[in-house]
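In: Here is my input; please provide its structure:
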Amino acid sequence: MPRLFTALEIPARVAADLSMLRGGLSGARWIDAENYHITLRFIGDVDDAMAHDVAMTLAGVRRPSMTVELDRLDSFGGDKPRALIVKARADSALTELQAEHERLLRRLGAAPEPRKFVPHVTLARLRGAPSSAVAAYLGTRGYFPPLRFEAASFVLYSSRDSVGGGPYIVEAEYSLRGKAAAA
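Out: Next up, the predicted model:
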């Protein structure tokens with residue numbers, strides 16, 4: 001039974017820049033740069049028939065390519081930080097693509113995504129890192145220069161059930177060079 005999600009891949013040059021942020025935070029389990037991505041929609045564990053339906057349905061997405069800007073180092077979890085992330089600017093092209101994935105998957109019977117869409121790249125998973133240490137890490141990194149890339153496609157990933165995810169396998173890639181979908 002595959003575990004699926006849709007995402008934007010992070011180009012190697014941007015991933016290399018992001019990987020320079022690694023280190024200096026105890027309790028961080030750093031994600032390998034080749035596994036950096038922006039999740040659009042987590043689908044979860046599905047049977048082979050549903051996986052096929054998902055792959056076929058996503059092939060109908062027609063959206064133009066978009067510029068993605070990564071512009072802020074942050075964390076998830078508040079007083080109990082659980083992840084170190086770089087946020088992507090949530091512009092309309094990105095949020096509309098994510099919303100289309102949500103609509104299409106709900107039509108196929110997937111449960112609604114309970115979390116608000118916050119586009120980001122996870123740099124590290126945190127276990128036992130005090131919030132003060134995370135705040136100090138974020139403070140010492142200072143200004144985060146924006147990183148931009150052109151997203152010309154999105155992918156359907158599968159992953160095995162493991163701690164921290166990965167390795168991720170691209171099951172299908174879908175071009176974003178088509179005409180924008182009609183509202």
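In: mind checking pLDDT for Asp161?
Out: As predicted, Asp161 sits at a pLDDT of 64.
In: repeat for Pro167
Out: pLDDT, read off for Pro167, is 79.
In: Return the residues in contact with it.
Out: Applying CB atoms under 8 Å, 6 or more residues apart in numbering, we find Pro167 in contact with Asn35, Ser159, Arg160. Quick note: C-beta positions are derived from backbone N, CA and C, even for glycine.
In: and the gap between it and Arg125?
Out: Per CB to CB, to the nearest Å, Pro167 is found 15 Å from Arg125.
In: that older thread, so how do I select the buried members of the contacts of Pro167 in ChimeraX?
Out: Remark: buried members of these, expressed as a ChimeraX selection using 16 or more other CB atoms under 10 Å:
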select :35,159
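In: Where does pLDDT dip in the protein?
Out: Across the chain, residues meeting the criterion (pLDDT under 70) sit at 1, 161-166, 178-183.
In: top strand in it by residue count?
Out: strand 66-76 (DSSP state E).
In: List the buried residues for it?
Out: Met66, Val68, Glu69, Leu70, Leu73, Ser75.
In: Point out the other helices and strands that it packs with.
Out: strand 83-88, helix 92-107, strand 120-126, helix 131-141, strand 147-151 (3 or more CB pairs under 8 Å, 6 or more residues apart in numbering; DSSP states H and E).
In: how about JSON lines for these, with mean neighbour count added?
Out: Listed next are the helices and strands packed on strand 66-76 as JSON lines, based on neighbours: other CB atoms under 10 Å:
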{"stretch": "strand 83-88", "mean neighbour count": "22"}
{"stretch": "helix 92-107", "mean neighbour count": "17"}
{"stretch": "strand 120-126", "mean neighbour count": "22"}
{"stretch": "helix 131-141", "mean neighbour count": "14"}
{"stretch": "strand 147-151", "mean neighbour count": "16"}
